[in-house]
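J.: the following comprises the amino acid sequence and a computationally predicted model.
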Amino acid sequence: MTKRIAVLPGDGIGKEVAKGTVQILEAVFECFHHDYSFEEALIGGAAIDAEGTPLPEKTLKLCLESDAVLLGAVGGPKWDQNPPELRPEKGLLGLRKALGLFANLRPVTTYPSLLHASPLKKEVVDGVDMLIVRELTGGIYFGNPSGRRGEQNEVAVDTLEYSKSEIERIVDKAFQFARNRRKKLTSVDKANVLESSRMWREIVNKTVEKYPDVQVEHMLVDSAAMQLIARPNHFDVIVTENMFGDILSDEASMITGSLGMLPSASLREDNVGLYEPVHGSAPDIAGQDKANPLGMILSAAMMLRYSFQLEKEASILEEAVAKVLKAGYYTDDLRVQGGKRVGTKEMIEKVLDAINENQ
Ligand code: NAI
Ligand code: MG
């Protein structure tokens, strides 16, 4: 049966990087004689302009019927003054919720030719290859009660709540990822203070019985924030709750030093997923052929790996990216000394060449 991929380019550079990424995926599928279909739909500002809503019915329907969703980025100054329900990001949040995505994955990898792009010392970031697994549907961002209380609304309330099943499903997923990598899992919590963290720890300690080949450690979140910067090479897979993951994944992105390089995936139980680069629509460089497409291409590699179990094909994409960087090609955001500056389109061509040379 043909697998369906929904492509939502979105706004700004989202459109530029999505286009090239689809070209690259088509080349890979053709090479391996896989049967996949790409169907494009509107989201964000583009959808507001055309349909009067950031997440049109037919976009949602397409995504719900697809095996994976590939998304560029949404937003831009044109829609900044819109009322909340007509904001581009509303489309993205609505889509994540409708798809029931609970596991957010952010790999952080450094490349030898880009080590100087990090604000951290070269020797500290050299060789980093970690995966942060963040719970996406529970915790304090979705707490009940939340809001204001008291006669003069002088008390503000947020509630941190997790159910056993919510923790079990994310922890189990993280063990699976660790098993397929270097078999090391760091569970980050605040078990010295929070009851939800104590339950989190119990569940991790129980789940490891199912994964005896994976080595587990527990780390308090404050200590993890330090260790991420002090010795990022210590980590393989990190699993943590929603808010801790939000903060730690932004912190970890600075290990690579370039937003344009970072991919992400959001998954649910059956491995249907939403794949998108971490960066936004970059209105300052949109339409100028300057955007780095590698974050989006690496997101596509994650799609091959996690939604379609095409590990070999995913590695081919990742190796092609590494090869192009090693050859010295760079987009503006990377500023490689002594390399060759290229635009979005040429970078995509270089990746295509690297894939073809590999066959
Ligand atoms: P941004 O990520 O779009 O840009 C931040 C800076 O990084 C800019 O100087 C930009 O030129 C540069 N940059 C980002 N991606 C790049 C790439 N691939 N290649 C080269 N340079 C790159 O974040 P910003 O400026 O805060 O937001 C711009 C718009 O994007 C806003 O409307 C915001 O709401 C939206 N946004 C959307 C996201 C999404 O769709 N997931 C995530 C973050 C922001
Ligand atoms: Mg954040």
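T.: Looks like it came in fine. Treat the numbers as computed from the prediction; the structure is a model and nothing was measured. Numbering: from 1, shown residues only. Ligands and ions are numbered 1, 2, ... in the order given.
J.: which residues touch Met219?
T.: Met219 sits next to 186-189, 227 when contact means C-beta atoms under 8 Å, 6 or more residues apart in numbering. To be clear about C-beta, it is placed using only N, CA and C from the backbone, and glycine gets the same treatment.
J.: dig out what it forms beta bridges with.
T.: Under DSSP bridges, the beta-bridge partners of Met219 are Val188.
J.: pLDDT and neighbour count for the contacts of Met219 - can I get that in TSV?
T.: What follows is the contacts of Met219, written out as TSV (pLDDT from 0 to 100; neighbours: other C-beta atoms under 10 Å):
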residue	pLDDT	neighbour count
Thr186	99	22
Ser187	99	27
Val188	98	28
Asp189	98	23
Gln227	98	16
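J.: how close does the closest residue to Gly127 other than its chain neighbours get to Val336?
T.: With sequence-adjacent residues excluded and distances taken as C-beta to C-beta, 6 or more residues apart in numbering, Gly127 is closest to Asn233, at 5.7 Å. Using C-beta to C-beta, to the nearest Å, Asn233 is found at 22 Å from Val336.
J.: where does Asp353 fall, phi/psi-wise?
T.: The phi/psi pair for Asp353 (degrees, to the nearest 10) reads phi -60, psi -40.
J.: I meant to write Tyr275 there.
T.: Main-chain torsions, Tyr275, degrees, to the nearest 10: phi -120, psi 130.
J.: that one and Ala300 touch, don't they?
T.: Yes - with contact defined as C-beta atoms under 8 Å, Tyr275 counts as touching Ala300 (6.5 Å).
J.: now the strands for the chain?
T.: 3-10, 36-40, 68-73, 103-109, 129-135, 147-149, 155-157, 184-189, 215-220, 237-240, 263-267, 273-277, 329-330, 340-341 (DSSP state E).
J.: got JSON lines for those, with distance to ligand 1 too?
T.: Output for those, formatted as JSON lines (distance: least, C-beta to the nearest ligand atom, whole Å):
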{"stretch": "strand 3-10", "distance to ligand 1": "6"}
{"stretch": "strand 36-40", "distance to ligand 1": "16"}
{"stretch": "strand 68-73", "distance to ligand 1": "4"}
{"stretch": "strand 103-109", "distance to ligand 1": "12"}
{"stretch": "strand 129-135", "distance to ligand 1": "15"}
{"stretch": "strand 147-149", "distance to ligand 1": "25"}
{"stretch": "strand 155-157", "distance to ligand 1": "25"}
{"stretch": "strand 184-189", "distance to ligand 1": "23"}
{"stretch": "strand 215-220", "distance to ligand 1": "28"}
{"stretch": "strand 237-240", "distance to ligand 1": "20"}
{"stretch": "strand 263-267", "distance to ligand 1": "9"}
{"stretch": "strand 273-277", "distance to ligand 1": "6"}
{"stretch": "strand 329-330", "distance to ligand 1": "11"}
{"stretch": "strand 340-341", "distance to ligand 1": "12"}
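J.: overlap of the contact sets of Tyr275 and Ala300?
T.: By C-beta under 8 Å, 6+ apart, the residues touching both Tyr275 and Ala300 are Leu70.
J.: coming back round to it: in CSV: the strands of the chain, plus distance to Glu168.
T.: Below are those laid out as CSV (distance: least, C-beta to C-beta, whole Å):
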stretch, distance to Glu168
strand 3-10, 28
strand 36-40, 32
strand 68-73, 24
strand 103-109, 12
strand 129-135, 11
strand 147-149, 29
strand 155-157, 27
strand 184-189, 13
strand 215-220, 15
strand 237-240, 12
strand 263-267, 15
strand 273-277, 19
strand 329-330, 43
strand 340-341, 48
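J.: closest one to Gln23 among the ones you listed?
T.: Among these, strand 36-40 comes nearest to Gln23, with 10.2 Å by C-beta to C-beta.
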